[in-house]
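Chemist: fold the following for me, if possible:
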Amino acid sequence: MIEVREALELIEKNVSSIDRYEEIFLDSASDRVAFEDIKSPIDVPSFDRSAMDGYALCGSHKSYKIIQSVDDFKDGCCLRINTGNRLPGNCFAVAEVEIVKKDNGFIKLLRDVETRRNFTLKGVEIKKGDIIVKKGERISVRKLGLIAYVGLFKVKVFAKPTVALITTGDEVVFPFENKQDDSVYNTNYFIVSNLLKKWHADVLYLGHVTDDKELIKEKILRGFECADIVITTGGVSKGSRDFIKEAVDKLGVDILFDKTTVKPGKPAVFGVFDKKVFFGLPGWPAALFSVAYLYLKPLVLKMAGRKDYKTLLFECIADEDMHSRKGKFYLNRVFLDYIDGQFHAKLTGSQKTENFFTVAIGDGFAMVDEKEGDIPASSRLPLLIFDD
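Modeler: Got it, this is the predicted structure:
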């Protein structure tokens, strides 16, 4: 069994971004990951323009003759101009309408104006060749707008990593199937598949497999043939029907860890196979969700090309005592309040591995590392906030 820190280091060391891209139209690019630096092909603005509605002034005077054509723009004249209009050549300044008085074909300035007043100069916002989206950056709605702002309509994005998902377990049935007394619903399929989609992956569900060694091995091999990542749920502990580790070992997967100190979710199998990745998640939904957020999220984000793949942590104050045991890395399910610029955390209820309800109603994990024992109220803890 290895510590959480070591497990995260092994994932980072053995996982790389996939080297494939797609060139797509802009209306499909939201939430994709830029494959290369995206540069502006133009200056913004592309010409000197007015920042206000007013009058373009030629020369420094107290009053100006109003003209109707830019062809007549000369010393002592002014031209009505609107926000965003191109400035005429030899323009001294733009006087906004609020500081002029019109009188019989002339305007009079009600105050002095400085040179280049209300000018927006060519390239002052963005210069041609400036990077507007960096390689590995998620294309947000704002960045999508920025790409359109400079006139681009196609971009190169990382191809989404393909994930072969396999759920396992004799006792597992889908919600639309008849449930027996000793069966459980296939919650894990819905959790994992939808988390993966949020993390820029394409999910290929290879179906549900009973606890049969050969069937499991065949499914996993099929996954390696058609996907970048193979993920299984269940079958990673020490039960008499837990065959995942044995199956991947026989297939020649280089298993880098099979147990870590995280609680819940100690049994989890991570390995590599011919530049592809295998991850065996635990079967209890609470443990599966915990391990997915801690390990699987940065793994998939990195393969998807994201530069900010590492989990963003905050800090919270524990508003009550929290149980912990040295040697375990606790992910405590908590409710959060934000008071005076600080997150405050309270337990959502039972922290048992078999209790998924207290995960589903929570806001995040208050994290207690392996060196700590029980945590007294008012302690400060690292915080992982759910964003699913």
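Chemist: CA atoms for contacts and neighbours, from now on please.
Modeler: Noted.
Chemist: need phi/psi at the most centrally placed residue in the chain.
Modeler: Centroid-nearest residue in the chain, with CA atoms, centre = their mean: Arg138, separated by 6.3 Å. Main-chain torsions, Arg138, degrees, to the nearest 10: phi -70, psi 130.
Chemist: for it, which non-adjacent residue is closest in space?
Modeler: Val33 (4.5 Å; CA to CA, 6 or more residues apart in numbering).
Chemist: for the one you found, grab the count of nearby residues.
Modeler: Val33 has 28 neighbouring residues, counting by other CA atoms under 10 Å.
Chemist: I'd assumed Glu137 was in contact with it.
Modeler: Yes: look at Val33 against Glu137 with CA atoms under 8 Å: they come within range, at 5.5 Å.
Chemist: who touches both of those two?
Modeler: Residues touching both Val33 and Glu137 (CA atoms under 8 Å, 6 or more residues apart in numbering) are Arg306.
Chemist: and for this protein, the residue most distant from the center?
Modeler: Most distant from the centre of the chain: Asn104, at 60.5 Å, with distances by CA atoms, centre = their mean.
Chemist: relative to Asn82, how far out is that one?
Modeler: Going from Asn104 to Asn82 by CA to CA, to the nearest Å gives 21 Å.
Chemist: give me the helices and strands touching the longest strand along the chain, please.
Modeler: Longest strand of the chain, by residue count under DSSP state E: strand 329-339. When contacts are defined as 3 or more CA pairs under 8 Å, 6 or more residues apart in numbering; DSSP states H and E, strand 329-339 packs onto strand 262-263, strand 342-347, strand 364-368.
Chemist: let's have those in CSV, adding mean pLDDT.
Modeler: Formatted as CSV, these follow (pLDDT from 0 to 100):
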stretch, mean pLDDT
strand 262-263, 96
strand 342-347, 98
strand 364-368, 98
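Chemist: returning to what we had before: tell me the strands beside the longest strand of the chain, with direction?
Modeler: With DSSP bridges as the test, strand 329-339 is paired with strand 262-263 (parallel), strand 342-347 (antiparallel), strand 364-368 (antiparallel).
Chemist: for those, give me TSV that also has mean neighbour count and distance to Leu383.
Modeler: Formatted as TSV, these follow (neighbours: other CA atoms under 10 Å; distance: least, CA to CA, whole Å):
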stretch	mean neighbour count	distance to Leu383
strand 262-263	24	15
strand 342-347	21	9
strand 364-368	25	5
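Chemist: picking up where we left off before, can you give me every residue that contacts the residue nearest to the centre of the chain?
Modeler: Counted by CA under 8 Å, 6+ apart, Arg138 has contacts 31-34, 306.
Chemist: mind running it again at 6 Å?
Modeler: Counting by CA atoms under 6 Å, 6 or more residues apart in numbering, Arg138 makes contact with 31-33.
Chemist: just Lys179 next, same as before
Modeler: So Lys179 contacts nothing (CA under 6 Å, 6+ apart).
Chemist: swap the cut-off to 10 Å and go again
Modeler: Shown in contact with Lys179 (CA atoms under 10 Å, 6 or more residues apart in numbering): 171-173, 185.
Chemist: with Tyr295 instead?
Modeler: Tyr295 is in contact with 4, 7-8, 11-12, 268, 270, 279, 281, 310-311, counting by CA under 10 Å, 6+ apart.
Chemist: top of the residues you listed by neighbour count?
Modeler: Ranked by neighbour count under the definition other CA under 10 Å, these are headed by Leu281 with 33 neighbours.
Chemist: starting at the chain centroid, how far to stretch 137-145?
Modeler: Mean-position distance between stretch 137-145 and its chain equals 11 Å (CA atoms, centre = their mean, to the nearest Å).
Chemist: with just CA atoms, put it into PDB.
Modeler: The C-alpha trace of stretch 137-145 is given here as PDB (Å, rounded to 0.1, in the frame of the first residue of the first chain):
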ATOM      1  CA  GLU A 137      -6.200  25.600 -22.100                       C
ATOM      2  CA  ARG A 138      -9.800  24.700 -21.900                       C
ATOM      3  CA  ILE A 139     -11.800  26.900 -24.400                       C
ATOM      4  CA  SER A 140     -14.300  28.600 -22.100                       C
ATOM      5  CA  VAL A 141     -17.300  30.600 -23.500                       C
ATOM      6  CA  ARG A 142     -15.200  33.800 -23.000                       C
ATOM      7  CA  LYS A 143     -12.300  32.400 -24.900                       C
ATOM      8  CA  LEU A 144     -14.600  31.100 -27.600                       C
ATOM      9  CA  GLY A 145     -15.900  34.700 -28.000                       C
END
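Chemist: which parts of that stretch are buried?
Modeler: Across stretch 137-145, burial judged by 16 or more other CA atoms under 10 Å covers 137-139, 143-144.
Chemist: show me the contacts for the residue nearest to Lys74 when sequence neighbours are not counted.
Modeler: Among residues not flanking Lys74 along the chain, Cys58 sits closest, at 5.9 Å (CA to CA, 6+ apart). By CA under 10 Å, 6+ apart, the residues touching Cys58 are 64-65, 73-79, 88-94.
Chemist: re earlier: in strands, which of the contacts of Lys179 appear?
Modeler: Per DSSP E, the subset of those in strands is 172-173, 185.
Chemist: only whichever of the residues you listed are buried, select them in ChimeraX.
Modeler: Here is the ChimeraX command that picks out the buried ones among the ones in strands among the contacts of Lys179, judged by 16+ other CA under 10 Å:
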select :172,173
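Chemist: JSON lines for the ones in strands among the contacts of Lys179, including pLDDT?
Modeler: Output for the ones in strands among the contacts of Lys179, formatted as JSON lines (pLDDT from 0 to 100):
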{"residue": "Val172", "pLDDT": "89"}
{"residue": "Val173", "pLDDT": "90"}
{"residue": "Tyr185", "pLDDT": "91"}
